[in-house]
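Sequence plus predicted model, see below.
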Amino acid sequence: MSLAARLAGFAVDLSWDRIAPLRQKRIRWAAADFYALTAAGAVTEDAWLADVLAHPGDVAVPGLKTTYTRESAILAMGTVGALLQAHDWFKPAGLHGSSVIVPAAWVCWDRARHSVADLLTAIAAGYEITNRLGLLCAVNASPGAAGTSTMGAVGAAAAVSRLMGFDKKTTAAALSMAGVYAPLASVGPMREHASAAPMHNGLAARAGYEAAMMAKAGLDAGAHVFEGNNWGQPGFVAFLGGAGGQDSLAAFTPETWNLETVDQVFFKDLPACARNQAIVKAVLGLVIDEKVGNDVRAIRIVTDPRTVAFDHTNGAPFGLYDRLMSYRWQVASTLVHGDYGLANLDQGPNEPAVAEMMARITVHASDEFTPGGNRQPGARVEVDTDRATFAAERRLDFDLPLEAGWFTPYCTPATSMDEAGMERKYFAFAGRSLSRGTAKATLDLLLN
């Protein structure tokens, strides 16, 4: 049986009742979190990106005033929901699956025909397929590959196929189609803070939907897109994951999956690139514990070499994507304003005090923060002030079980989110464009 058919079997046969309760809760929050992020992204300075490739229609997107065709609504939601860089994080493969899977499922969710469980099961199927392909391919991919859009498009096709009620044959065709037409992305545009980079999530979500529509029309892309054919031609896995991915196929068994990868799906409490989270939490520690503020003469950021490689800024004025991807800007803004969150982003693209603080920063690589063995990813921020030199180190623990109740990688009690923290985050973001009543009604619907 082809790998596409086996993945389709998993997607079609998955039932909500079979998913462990704590994993169900994770999926519920994945849907709610991205809904809130979409509402917040809809009123940012970059929300116009939603309309660049969109066509008008009658499908609404949370927070946006324009209505769209279905495929354009998926593109718009995937784009604006990812604008604030506060979405989920599957660290083992470096993926942000919610930004691709949730928009495709949300827009295809017909409330007259589907229950909330139908929506959530579709999202769950998409997540597991995305994460497993990421483990197979993204982990083994050449440095510089960004797997969210590529793996996510296949997961989005799985979610749409579930909601469309496709049988296994049609679902397999949809997944194969997504494997052919999924966007290929490198981290280059993200590192350079390219203005089009925030659209790659929405484009992947749309590609997953369109793959499903092509399958519905009776088209297919061949049975062996993922594993390659018997004539020695490589498939999706070997193409993206190389020999390491191809060698791992023998242990790739969708028949045994039970959403284990969902245990490692975490959410961000700070609007910032995933690589920057420990750095910002370290400087927040200095602000909170040592009362470090504007009396700063020099700042040293010490972190792992791969994060240092992302040390880039396009310079002032700092656009929204610049601010969210630049840990230099985030550290400087935290020191200037005494906190870090949405309010920092509201200050706009060109604060002289922040630019001056950034000029005092130097960045240093150290393998002491390279994940591996017992080491968790992290960072240290050292600050010379007129009073003294202060330092704070933070590491992110991804290994705690779901029973521990943390929805962010554990750092410190003050900088880690439990379920109450998820709720606070939800209303803070959703409230940017939605009434409290609308936000609460949606959250109650998804969580109960």
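Yep, it's here.

mind checking how far the residue lying closest to Tyr327 once chain neighbours are set aside is from Ser333?
Spatial nearest neighbour of Tyr327, chain neighbours left out: Asn276 (4.2 Å); criterion: C-beta to C-beta, 6 or more residues apart in numbering. In short, each C-beta sits where N, CA and C put it, glycine included. Per C-beta to C-beta, to the nearest Å, Asn276 is found 12 Å from Ser333.

quick check, distance from stretch 300-312 to the centre of its chain.
20 Å (C-alpha atoms, centre = their mean, to the nearest Å).

In the stretch 51-200 of the chain, where is pLDDT below threshold?
For the stretch 51-200 of the chain, applying pLDDT under 70 flags the ranges 139-145.

what do you get if the cut-off is 80, keeping everything else the same?
Along the stretch 51-200 of the chain, the model assigns pLDDT under 80 to residues 138-146, 185-188, 191.

what are the ranges of the strands in it?
Listed in chain order, the strands found in the stretch 51-200 of the chain under DSSP state E, counting those that start in this stretch are 56-59, 68, 88-90, 145-146, 185-186.

Would you mind putting the ones you listed into JSON lines with mean neighbour count alongside?
JSON lines is the format used below for these (neighbours: other C-beta atoms under 10 Å):
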{"stretch": "strand 56-59", "mean neighbour count": "13"}
{"stretch": "strand 68", "mean neighbour count": "23"}
{"stretch": "strand 88-90", "mean neighbour count": "24"}
{"stretch": "strand 145-146", "mean neighbour count": "20"}
{"stretch": "strand 185-186", "mean neighbour count": "17"}
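
for whichever helix in the chain runs longest, packing partners?
When the chain is scanned for its longest helix (criterion: DSSP state H), the result is helix 21-41. Helices and strands touching helix 21-41, as assessed by 3 or more C-beta pairs under 8 Å, 6 or more residues apart in numbering; DSSP states H and E, comprise helix 70-81, strand 88-90, helix 98-108, helix 116-133, strand 265-267, helix 419-430, helix 436-447.

And the second one, what does it pack against?
Applying 3+ C-beta pairs under 8 Å, 6+ apart, we find strand 88-90 packed against helix 21-41, strand 265-267.

and whatever helix or strand comes next after the shortest one, how far from the chain's centre?
As assigned by DSSP states H and E, the chain's next helix or strand after strand 265-267 is helix 277-289. Here the centre of mass of C-alpha atoms in helix 277-289, compared against the chain's by C-alpha atoms, centre = their mean, lies 22 Å away.

Helix 277-289: which residues count as buried?
For helix 277-289, burial by neighbour count (16 or more other C-beta atoms under 10 Å) applies to 277-287.

so what does that helix touch, helix or strand wise?
strand 296-303, helix 327-337, strand 378-385, strand 389-395.

okay, the ones you listed in a markdown table with mean pLDDT and mean neighbour count next?
Listed next are the helices and strands packed on helix 277-289 as a markdown table, based on pLDDT from 0 to 100; neighbours: other C-beta atoms under 10 Å:
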| stretch | mean pLDDT | mean neighbour count |
| --- | --- | --- |
| strand 296-303 | 96 | 19 |
| helix 327-337 | 95 | 26 |
| strand 378-385 | 96 | 22 |
| strand 389-395 | 94 | 17 |
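
follow-up on the earlier one: ok, which of the strands of the stretch 51-200 of the chain comes nearest Lys216?
The closest of those to Lys216 is strand 56-59. By C-beta to C-beta, the value is 17.7 Å.

contact partners of the closest one?
66-70, 72-73, 107 (C-beta atoms under 8 Å, 6 or more residues apart in numbering).

Quick check: end-to-end length of stretch 403-412?
Start-to-end span of stretch 403-412 (C-alpha to C-alpha, to the nearest Å) is 17 Å.

next one: stretch 313-327
Span of stretch 313-327 from end to end, C-alpha to C-alpha: 9 Å.

Same check on stretch 181-195?
Using C-alpha to C-alpha, the end-to-end distance of stretch 181-195 comes out at 23 Å.

Would you mind finding the most buried of the helices and strands packed on helix 21-41?
Comparing the helices and strands packed on helix 21-41 by mean neighbour count (mean count of other C-beta atoms under 10 Å), helix 98-108 comes out on top with a mean of 32.

Show me what that helix is packed up against.
Counting by 3+ C-beta pairs under 8 Å, 6+ apart, helix 98-108 packs on helix 21-41, helix 70-81, helix 116-133, helix 148-164, helix 200-216.

tell me which element Val363 falls in.
Counting by DSSP H and E, Val363 is found in strand 361-365.

what about dumping the CA coordinates of that strand to PDB?
This file holds the C-alpha atoms of strand 361-365, laid out as PDB (Å, rounded to 0.1, in the frame of the first residue of the first chain):
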ATOM      1  CA  ILE A 361      24.000  45.300  21.900                       C
ATOM      2  CA  THR A 362      26.600  42.700  20.900                       C
ATOM      3  CA  VAL A 363      25.800  39.100  20.100                       C
ATOM      4  CA  HIS A 364      27.900  36.000  21.000                       C
ATOM      5  CA  ALA A 365      27.600  32.400  20.100                       C
END
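
helices and strands around that strand, which ones?
Helices and strands touching strand 361-365, by 3+ C-beta pairs under 8 Å, 6+ apart, are strand 296-303, helix 305-308, helix 327-337.

Dump those into TSV; add distance to Ser366 as well.
Shown next, in TSV, are these (distance: least, C-beta to C-beta, whole Å):
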stretch	distance to Ser366
strand 296-303	5
helix 305-308	8
helix 327-337	15
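
Which one, of the helices and strands packed on helix 277-289, ends up nearest to His87?
Minimum separation from His87 across the helices and strands packed on helix 277-289 (C-beta to C-beta) falls at helix 327-337, 16.7 Å.

Would you mark the buried spots in the helix or strand that comes right after that closest one?
Counting by DSSP H and E, the next helix or strand C-terminal to helix 327-337 is helix 342-346. Burial within helix 342-346, assessed by neighbour count using 16+ other C-beta under 10 Å, is assigned to 344-345.
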